[in-house]
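> Here is a sequence with its predicted model. Questions after.
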Amino acid sequence: MIDPQRIWTSSQLPTLPTVAVRLLALTRDPEAELAQVAEVIRTDPAISAKLIKAANSSLFGFRYEVKSLERAVNLLGTTVATSLALSFSLTDDALLRGPLRKHYEDYWQESIVQAAAAETLAKKILSQPAEDYFLCGLLQDLGRLAMLKCLGTDYVPALEAADAADTPLCVREAAALGFDHVEIGSKLMEHWKLPDAMIRAAAMHHAPLEELLPSAPPLTLGLALSASVGEYFCTPRKGLALARMQPMAEQGFGLDARGLAGFLEQCEDRIRKMGSVFDVDLTSLVSSADLMMQANEQLAQLAVREHVSNTQATLRQQMTQREKHQLESHNRELRQRALHDPLTGLYNRTIFDESLQQAICRGQREASPVAVLFVDIDHFKQINDTHGHAAGDEVLKGVAQTLQETIRHSDVLARYGGEEFVVLVHRPAEQGLQRLAERVREAVAAATIRAGDANLQVTCSVGAAIALPGRHDENIGSRLMTAADECLYEAKRAGRNRTQFRSLITPEDRELQQLIAAHKFSRWLVNHDWLDRMAVSRALVTCESSRTRLGELGYDAGYLTLEQIDDILREQQAGGDRFGEIALRWRVLDREQLAHLLALQQENPKDLAGAIIRQGLLSPQKVTEALQQYLRSTATVATATA
């Protein structure tokens, strides 16, 4: 990248001759007279001679020969004379000799074409002052002249790259140099104190169409159109220039395809007349009719290339998509292997251990119990010895399927090892856990498993254990698993095909759990005959409530003040006890109130009501009625307790 300061500090930066500076000052003076303009131009004999020559050219078509500068200025007018004088000074600055000559000639040729196009547009289409548009068109690419003079050969790669590719010059300049000729030209115009309208319009002449259409001012849109005419006549990017011109001509100036072709023919005529005035060789320019053919051919080639490119991109996308699907499938397979037992398809022990730890953390936060079942197939070694290991595998798969069909979807079932399975029970209660253990035992005993030519029936022994994790009880997981395992072996010793249950919950905690259950909406629905236990269980499986802090629930219920909540939280942070334990100890909550809040925390009544409606267990009206009755009853209990 090149530092643009290299341009602003260069001694080669284009400067306006004294005569041009004085003429620009006169154009800004509304009281300036023609005689003053002529007097300023006369100080530069070369510009004076060129101005008289221009007045006699076919460009203006005056009937009689113009012999004096005063007569030329009088016929041309102040603005035209000033524009021509400024143009002549810049022409002399641009047409240099040396290795960059061709690039200077290309720049000036395109500038003449842009000036002719802007002037023709103003005169033929807009009925605007043509001399203003002429000067703007001539100067809008002034940045190219500055970059040629100040950067020299460092600028050439960007010019050549733009000629060799279907890419606008300003894009190539920005990529190669870090800035473009539009930016440089705008700053140079500001330095020369040119009119603000001209500077703003020149800064937008290569802007995207969506920034120009439909509301750009006429001068801004006119310069953008003249810039595309310059590319159309003078660069290899004829097709792209035509594609850019068409929407601007139609939406900005009401020119359809025929109107645009006629406008380009008028531009061609004006361009050739200007060439003689400015001593610029324009013989290399192709006629507008031939240009239209070339541009349309180029557009057709671009369309074919774009179609091929799009087709290739589609194929690449399809290939990438296939590779992505294959990779996703492979990842799913790897995940399946990592998380599941390969024989039964159940979760493996790693997943179970992680799920148990998560349940314990949740239980410690919410004072909710955690429970597991150990299930062991009876006499499994005898099955292998009698029927073979293949039959033993079928028995394992059959029992696994039976267990999956018996437990709830929210429970976590895993193969723990050998013929042993384990279940992490979701939202357990002591009586519910015992019923689940017995249901599992009965389901396995009732199942018939096909193993080769034999139909086998097996039984299982089940050990169940439940615990309420203490806030600081780090070993509760191992104690719970040990208790369930011991129950399993007690069932084995008692004759197999049995269940054994053990609760690690203290009598005090059991009483609290019973109070919590009594306050839950699900229990209320069953007790008041709105739904049976199985229907409520199905709704609970799909009911995932967002957890609300106990302090917030206590404040909403009117049990606690904000000051009490802050005091309890500080104590909790210092000692680590549960929020509810501290509230009971400080007697700001009683056990009934705490049970009510924990019930709300563990089971949001509104979420459960929504699950019941979604499953169609009750109509929305019935659910609303039940919920209102429940809330009134809990409010009554809370008031009585208070």
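Received, thanks.
> okay, CA-based contacts and neighbour counts for the rest of this
Will do.
> Could you tell me how many residues sit around residue 45?
10 (other C-alpha atoms under 10 Å).
> you'd agree residue 464 is in a strand?
Yes - using DSSP: H, G, I helix; E, B strand; the rest coil, the assignment for residue 464 is a strand.
> so what pLDDT did it get?
On the pLDDT scale, residue 464 is placed at 97.
> Burial check on it, number of neighbours?
Neighbours of residue 464 using other C-alpha under 10 Å come to 31.
> Show the contacting residues for it.
When contacts are counted by C-alpha atoms under 8 Å, 6 or more residues apart in numbering, residue 464 touches 371-374, 433-434, 437, 483-484, 487-488, 499-502.
> repeat for residue 162
By C-alpha under 8 Å, 6+ apart, the neighbours of residue 162 are 168-169, 172.
> all strands for the chain, in order.
Using DSSP state E, the strands found in the chain span residues 370-377, 412-417, 420-425, 449-451, 454-456, 460-467, 499-503.
> Dump those to JSON lines, plus distance to residue 356.
Shown next, in JSON lines, are those (distance: least, C-alpha to C-alpha, whole Å):
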{"stretch": "strand 370-377", "distance to residue 356": "8"}
{"stretch": "strand 412-417", "distance to residue 356": "9"}
{"stretch": "strand 420-425", "distance to residue 356": "7"}
{"stretch": "strand 449-451", "distance to residue 356": "30"}
{"stretch": "strand 454-456", "distance to residue 356": "33"}
{"stretch": "strand 460-467", "distance to residue 356": "12"}
{"stretch": "strand 499-503", "distance to residue 356": "17"}
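> Where do the domain boundaries of this protein fall?
5-285, 349-505, 539-641 (automatic domain parsing).
> For residue 526, find the nearest of those domains.
Nearest to residue 526, of all those, is domain 539-641, at 11.2 Å by C-alpha to C-alpha.
> where's stretch 504-515 relative to the chain centroid, distance-wise?
51 Å (C-alpha atoms, centre = their mean, to the nearest Å).
> got it, and stretch 314-328?
21 Å.
> before we move on, what about stretch 347-359?
36 Å.
> Name the residues of it that are buried.
347-349, 351-352, 356, 359 (16 or more other C-alpha atoms under 10 Å).
> so which of those residues comes closest to residue 14?
For the buried residues of stretch 347-359, the nearest to residue 14 is residue 351 (75.9 Å; C-alpha to C-alpha).
> Tell me the pLDDT of that closest one.
89.
> Surely it touches residue 358?
No - here residue 351 lies out of contact with residue 358, judged by C-alpha atoms under 8 Å, at a distance of 10.7 Å.
> Not counting sequence-adjacent ones, nearest residue to residue 606?
residue 627 (7.7 Å; C-alpha to C-alpha, 6 or more residues apart in numbering).
> can you pull the contacts of the one you found?
521, 605-606, 609 are the contacts of residue 627 under C-alpha under 8 Å, 6+ apart.
> Give me the below-cutoff pLDDT ranges for the stretch 1-150 of the chain.
17, 78, 87, 89-98 (pLDDT under 70).
> residue ranges for the helices of it, please.
For the stretch 1-150 of the chain, helices defined by DSSP state H, counting those that start in this stretch occupy the ranges 5-8, 18-27, 34-42, 45-55, 69-76, 78-94, 101-120, 130-139, 142-151.
> which parts of the first one are buried?
Meaning helix 5-8. In helix 5-8, counting by 16+ other C-alpha under 10 Å, buried: residue 7.
> Which other helices and strands does it contact?
Applying 3 or more C-alpha pairs under 8 Å, 6 or more residues apart in numbering; DSSP states H and E, one finds that helix 5-8 makes contact with helix 142-151.
> And the third one, by the same measure?
Using 3+ C-alpha pairs under 8 Å, 6+ apart as the contact criterion, the neighbours of helix 34-42 among helices and strands are helix 18-27, helix 45-55, helix 69-76, helix 78-94.
> what comes into contact with the first one?
The set of residues that contact helix 18-27 without belonging to it, under C-alpha under 8 Å, 6+ apart, is 32, 37, 40-41, 43-44, 78-79, 82, 85-86, 89, 194.
> Quick check: buried residues in it?
Those buried within helix 18-27 under the rule 16+ other C-alpha under 10 Å are 19-21, 23-24, 26-27.
> And the residues you listed, which two are furthest apart?
Across the buried residues of helix 18-27 (C-alpha to C-alpha), the longest gap, 12.5 Å, separates 19 and 27.
> Give me the subset of the buried residues of stretch 347-359 lying in helices.
349, 351-352, 356, 359 (DSSP state H).
> quick check, nearest of the residues you listed to residue 15?
Nearest member of these to residue 15, counting by C-alpha to C-alpha, is residue 351, at 78.4 Å.
> I'd like to know how far the closest residue to the closest one other than its chain neighbours sits from residue 353.
Nearest residue to residue 351, sequence neighbours excluded (C-alpha to C-alpha, 6+ apart): residue 339, at 6.3 Å. From residue 339 across to residue 353, the span is 11 Å (C-alpha to C-alpha, to the nearest Å).
> Going by neighbour count, which of the contacts of helix 18-27 are buried?
For these, buried by 16+ other C-alpha under 10 Å: 37, 40-41, 44, 78-79, 82, 85-86, 89, 194.
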